[in-house]
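# Coordinates for the following, if possible.
(chains A, B, C and D)
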Number of protein chains: 2
Amino acid sequence: MAKRADVLDLAVLGLLHDSPLHGYELRKRLATVLGPFRVLSYGTLYPCLKHLSEQGWITSSDVAPGAGRRARIVYELTAAGKEHFDALVDESGPASWEDESFGVRFAFFARTPTEVRLRILEGRRSRLEERLDSISTSVARSRERADQYTLELQRHGLESVQREVRWLNELISHERGETPPRDT
Amino acid sequence: MAKRADVLDLAVLGLLHDSPLHGYELRKRLATVLGPFRVLSYGTLYPCLKHLSEQGWITSSDVAPGAGRRARIVYELTAAGKEHFDALVDESGPASWEDESFGVRFAFFARTPTEVRLRILEGRRSRLEERLDSISTSVARSRERADQYTLELQRHGLESVQREVRWLNELISHERGETPPRDT
DNA sequence: AATTTCATGTAATTCGTTACATGATTCC
DNA sequence: GGAATCATGTAACGAATTACATGAAATT
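Numbers count the residues shown, from 1 in each chain, chains lettered A, B, ... in the order given. Okay, the predicted model is just below:
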C-alpha cells in the first residue's frame, strides 16, 4: 500500500528516469515537479536517496572532480527502480496518497501508458466531485451561522474545484479522442 | 514569532470566540474553517486543547450528562485568549505561516478590523505575485527539457494563481471602496 | 441486537523542517 | 579578498497521523 513518503520516491525516480543526476541538481528539478513553491530541504532529500539506494532502486557513484566541476555523487536508476516507478505511478491507494501524488504523476505522463493516464485523471476527477459534495453539505449545514466572509471563502473554494473538474474533463476527452501530444 | 502550530490555535480560538464548544463539536466545525477536505484527528485536537488550557487562553469545564445529552468537556475562551487571538490574526511572520493561515484568518474576517483585513489580503497578493515570478522563471529554465504534459501542468498552475490574484484584487477594492459586508 | 454516532483521550510512528557542520569553486 | 553558489550530509526538533483504548447513547 502506498504511503505518503512514496510521493518523494516517485518524484526522484521519475527525474532519474531521464538521466542520472546528483543531489544538488535533483533538488532544483524537484521544485518543478512538486510545484515551484515547495523547496525540499537536504534533510529530506539525502535520507531519501540513501533509502532508495538501500532498496536497490538507484545506484550511486562518485564522480571525480573533472575540468571545472567538483566531486559529486551521481545517482542512477536501476532496472528494479524502473519497475518500482511504474508500479508507483499505476498504484491506487487511499485518497490522500492519490491527492498528493497527482501532480507528480501528471508531470511524468509522457512516460505513462494512455490507459493509466486515464485512470489517474478520472480518479482525480471523482475525488474532486466528492469534495464538491462535501462542500455543498457543509455550506448547507452552516448557512445560518456563517457570515459574508465565510460564505465568500466557501464560494471561492467551490469555484476553484469546479474549474479543476472542467480542466480534467478537457484532458480526459483529449486522451480519449486523439493521439496524445507525445508518446514514448 | 508565529509558528506552524499556531494555525490550529488560531482556528480553535476563533471558533470559541462565538460560543463555548466541546472537542467533538469543535472538530466538525474546524472542517469548515480549515477547508472541508481536511479532517483533523483527535490525536492533534486534544493535545492542542490541553496546550491552550495550560497557556490560560481557554478554560475547560465538565458538563454533567443532562437530558438526552451525555457528559462532555466544554471549552471557553478567556480574556487572555481573546487577546492572543487578536495578536495571532494581526501577526505577520514567515511566508509559510502567512500562506497556511490565510484561509483561517479570512474565515474570521467578520471580527477583524478593516485595516488588518487589508494587510492580510495585500500580503497574500504579494506572495502570490512572487510565486508567479518564480513559476515564470522555472518555466523559462526548463522549456527545452519539458514535454507537453509538464507544460500543461505549469500552465494550469499559473492560471490558478492568476485567478486568485484577481479574486484578491476584487476583495481589496471592495474593502477600500465601501462599507464592509458586516462589521462587528 | 447490532451498528452508528457521540465523546475523550494516549502511544508510537512518520514526515519533514531548521539549524548545524564542512568545505571547494567561481564570480566580483 | 569576500560573497555567492556548488555540494553533501547529520542532529534535534516539531507537527500531525495512525492505531490503540474505552465506553455510553441513539438509531435501525
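# Could you check the helix or strand hosting A:Glu76 against DNA strand C for contacts?
Here A:Glu76, judged by DSSP states H and E, is contained in strand A:72-77. No - Strand A:72-77 stays clear of DNA strand C (Cβ under 7 Å from any atom of the strand), getting no nearer than 9.6 Å. Bear in mind the C-beta positions are built from the backbone N, C-alpha and C, glycine included.
# Residues in contact with that strand: which ones?
The contact list for strand A:72-77, computed with Cβ atoms under 8 Å, 6 or more residues apart in numbering or on different chains, reads A:13, A:16-17, A:20-24, A:26, A:49, A:52-53, A:57-63, A:85.
# residue furthest from the geometric center of chain A?
A:Glu144 (38.6 Å; Cα atoms, centre = their mean).
# any idea of the pLDDT on that one?
With respect to pLDDT, A:Glu144 has a value of 80.
# Hmm, A:Ala11 and A:Leu88 touching each other?
No - A:Leu88 lies out of contact with A:Ala11 (Cβ atoms under 8 Å); the separation is 9.9 Å.
# okay, these two: which has more neighbours?
A:Ala11 (25 against 22; other Cβ atoms under 10 Å in any protein chain shown).
# Report all helices and strands that the helix or strand hosting A:Glu25 contacts.
Using DSSP H and E, the element containing A:Glu25 is helix A:23-34. Helices and strands touching helix A:23-34, by 3 or more Cβ pairs under 8 Å, 6 or more residues apart in numbering or on different chains; DSSP states H and E, are helix A:6-18, helix A:42-54, strand A:72-77, helix A:95-107.
# okay, the ones you listed, which one's buried deepest?
Greatest average neighbour count among the helices and strands packed on helix A:23-34 goes to helix A:6-18 (a mean of 21), per mean count of other Cβ atoms under 10 Å in any protein chain shown.
# So is that one next to DNA strand C?
Yes - Helix A:6-18 is in contact with DNA strand C by Cβ under 7 Å from any atom of the strand, via A:Val7, A:Leu8.
# returning to that earlier point: how about the helices and strands packed on helix A:23-34, which one is nearest A:Gly123?
helix A:95-107 (5.8 Å; Cβ to Cβ).
# Beyond that closest one, next helix or strand please.
helix A:114-141.
# Would you mark the buried spots in the following helix or strand past that next one?
Moving toward the C-terminus from helix A:114-141, the next helix or strand (DSSP H and E) is helix A:148-177. The neighbour-count check on helix A:148-177 (16 or more other Cβ atoms under 10 Å in any protein chain shown) flags A:149-150, A:152-154, A:156-158, A:161, A:164-165, A:167-168, A:171-172, A:175 as buried.
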